[in-house]
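Engineer: Build the 3D model from these lines:
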Amino acid sequence: MKNIKTIILAIISCLLWSTAFTGVKIGLQYSAPLSFAGLRFMISGLILFFIFADLKNYFKLIRQNLKIVLMLALFQTFILYALFYTGINMVSGATAAIIVGFAPLNTAIVAHITMKDDKMTWKKTLSIMIGLIGIV
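Structural biologist: Numbers count the residues shown, from 1 in each chain. Okay, the predicted model is just below:
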């Protein structure tokens with residue numbers, strides 16, 4: 001039963017992620033890229049804020065790890081999504097989805113080429129091939 005729940009949640013996550021490109025393209029018709037990204041993340045942040053039951057502990061953890069939180073906010077959120085929204089504003093949603101979908105596969109291939117201890121096993125090769133088929 002637990003596996004079925006995990007599979008269902010994974011499918012829902014995939015569906016939500018795949019619809020993001022359509023939603024962003026529609027939203028960009030009405031707003032500038034950075035404004036729209038900011039609005040999207042503010043709304044999602046507010047939703048997450050109210051999900052946390054222990055807000056006191058939440059803010060304590062943020063204060064204790066402020067440097068890491070700020071670095072992640074800058075590089076993993078602001079810069080990444082500023083470039084994402086600006087880029088998706090310049091190409092079709094399908095093109096953006098293909099480029100973003102290829103990124104993990106590209107990372108796996110580059111890791112194999114650049115890192116000595118990253119071996120390309122038959123499972124990795126098969127996974128990359130399935131990923132490429134999925135993108136195509």
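Engineer: just for the protein, where's the confidence low?
Structural biologist: Confidence mapping of the chain against pLDDT under 70 gives the ranges 1, 53.
Engineer: Check it and tell me which residue is nearest its centre.
Structural biologist: W17 (7.8 Å; CA atoms, centre = their mean).
Engineer: how about the helix or strand harbouring it: buried residues?
Structural biologist: Here W17 sits within helix 2-27, counting by DSSP states H and E. Using 16 or more other CB atoms under 10 Å as the test for burial, helix 2-27 gives A20, F21, V24, K25, G27. Just so you know, the C-beta spots here come from the backbone N, C-alpha and C atoms, and that holds for glycine as well.
Engineer: What's the first helix or strand after that helix?
Structural biologist: Heading towards the C-terminus - elements assigned by DSSP H and E - helix 2-27 is followed by helix 33-51.
Engineer: which parts of that following helix are buried?
Structural biologist: P33, F36, A37, G38, R40.
Engineer: still on that earlier bit, what packs against the helix holding W17?
Structural biologist: helix 33-51, helix 80-90, helix 93-114 (3 or more CB pairs under 8 Å, 6 or more residues apart in numbering; DSSP states H and E).
Engineer: pull the CA atoms of the first one into PDB?
Structural biologist: I take that to be helix 33-51. Extracted in PDB, the C-alpha atoms of helix 33-51 (Å, rounded to 0.1, in the frame of the first residue of the first chain):
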ATOM      1  CA  PRO A  33       9.600  37.600 -16.100                       C
ATOM      2  CA  LEU A  34      11.100  38.700 -12.700                       C
ATOM      3  CA  SER A  35       7.900  40.100 -11.400                       C
ATOM      4  CA  PHE A  36       6.000  36.900 -12.300                       C
ATOM      5  CA  ALA A  37       8.700  34.700 -10.800                       C
ATOM      6  CA  GLY A  38       8.700  36.800  -7.600                       C
ATOM      7  CA  LEU A  39       4.900  36.500  -7.300                       C
ATOM      8  CA  ARG A  40       5.000  32.800  -7.900                       C
ATOM      9  CA  PHE A  41       7.600  32.100  -5.300                       C
ATOM     10  CA  MET A  42       6.000  34.500  -2.800                       C
ATOM     11  CA  ILE A  43       2.700  32.700  -3.100                       C
ATOM     12  CA  SER A  44       4.400  29.300  -2.800                       C
ATOM     13  CA  GLY A  45       6.400  30.500   0.200                       C
ATOM     14  CA  LEU A  46       3.300  31.800   2.000                       C
ATOM     15  CA  ILE A  47       1.600  28.400   1.400                       C
ATOM     16  CA  LEU A  48       4.600  26.600   2.800                       C
ATOM     17  CA  PHE A  49       4.900  29.000   5.700                       C
ATOM     18  CA  PHE A  50       1.400  28.000   6.900                       C
ATOM     19  CA  ILE A  51       2.100  24.300   6.600                       C
END
